[in-house]
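Colleague: Please find the sequence and the predicted model below.
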Amino acid sequence: DGGITQSPKYLFRKEGQNVTLSCEQNLNHDAMYWYRQDPGQGLRLIYYSQIVNDFQKGDIAEGYSVSREKKESFPLTVTSAQKNPTAFYLCASSLGGSLAKNIQYFGAGTRLSVL
Amino acid sequence: AQKITQTQPGMFVQEKEAVTLDCTYDTSDPSYGLFWYKQPSSGEMIFLIYQGSYDQQNATEGRYSLNFQKARKSANLVISASQLGDSAMYFCAMSPIYSSASKIIFGSGTRLSIRP
């Protein structure tokens, strides 16, 4: 089945540690996104990528890094510089392009907690 | 600047009744899309319905319809014949279209609870 797979479902980070969240899609979408959601809040954009080997900062990029080496994959690294990383992280993808409706489809998310 | 406003933090509705979730928006883009997503307790965001600013008719998808009033800048979601499984957070969102930018702006959400 086509879709977006995020792993792991739960992740624990020790202080000073970098951790990487995986996001893979087989929808043949060009654009991919990472969002952060804090309890009781909406989604905030961390990074997005419209094509391979290109990505842009979103509204809260500090303390995070991404790569887009393959169309199917858009991993997010939460670095030690992110002092408050505990949150729910959602990955999404869309067809992209200037004529697309930009409907984004989401993975099941990763819950990150600090030990 | 773009902005989405959802003024109802929480709503309780009796099963089988219809419910309207409010959403107002502000944008300077000439063409834009409006979206509604459902987020059950599991956390996954589920796409429900889309309305383009250029569409003449209101969008419908099964029990979901979007009451789009462009002059009032509102895009309310109507759920007919509510079911217990409709209990979830609902987010309104907006994105420019016919543009190289593809960012979506989300509202703060409305928590809908369906009473049996």
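Modeller: Right, received. Where do you want to start?
Colleague: B:S108 belongs to a strand?
Modeller: No. Membership of B:S108 in a strand is not supported by DSSP: H, G, I helix; E, B strand; the rest coil, which gives coil.
Colleague: That one is in contact with A:G42, isn't it?
Modeller: Yes. With contact defined as C-beta atoms under 8 Å, B:S108 reaches A:G42; the gap is 4.7 Å. The way it works is simple: take the backbone N, C-alpha and C, and place the C-beta from them, glycine included.
Colleague: Identify the residue spatially nearest to the residue of chain B found nearest chain A, adjacent ones excluded.
Modeller: Ranking the residues of chain B by distance to chain A (C-beta to the nearest C-beta) places B:M45 first, at 3.9 Å. The shortest distance from B:M45 to any residue that is not its chain neighbour, by C-beta to C-beta, 6 or more residues apart in numbering or on different chains, is 3.9 Å, and that residue is A:F106.
Colleague: next one: A:R13
Modeller: The shortest distance from A:R13 to any residue that is not its chain neighbour, by C-beta to C-beta, 6+ apart, is 4.8 Å, and that residue is A:V19.
Colleague: which residues touch the one you found?
Modeller: The contact partners of A:V19, taken as C-beta atoms under 8 Å, 6 or more residues apart in numbering or on different chains, are A:11, A:13, A:77-78, A:85, A:112.
Colleague: touching chain A at all, the lowest-mean-pLDDT helix or strand in chain B?
Modeller: Scoring the helices and strands of chain B by mean pLDDT, DSSP states H and E places strand B:105-106 at the bottom, with a mean of 90. Yes. Contact of strand B:105-106 with chain A is found when judged by C-beta under 8 Å from any C-beta of the partner chain, involving B:F106.
Colleague: ok, that strand: who's next to it in the sheet?
Modeller: Each strand paired with strand B:105-106, and its direction, by DSSP bridges: strand B:88-96 (antiparallel).
Colleague: where does the chain have low pLDDT?
Modeller: Chain wasn't specified; assuming chain A. Of all residues in chain A, those with pLDDT under 70 make up the ranges A:1, A:97-101.
Colleague: sorry, should have said chain B
Modeller: Residue ranges of chain B with pLDDT under 70: B:98-102.
Colleague: Can you show me the strands along the chain?
Modeller: Went with chain A since none was named. Remark: strands of chain A, listed N- to C-terminal, are A:4-7, A:10-13, A:19-25, A:31-37, A:43-51, A:54-57, A:64-66, A:76-78, A:87-94, A:105-106, A:110-114; assignment by DSSP state E.
Colleague: actually chain B
Modeller: Read by DSSP E, chain B holds these strands, from start to end of the chain: B:3-5, B:10-14, B:19-21, B:24-26, B:32-39, B:46-52, B:60-61, B:64-69, B:74-79, B:88-96, B:105-106, B:110-115.
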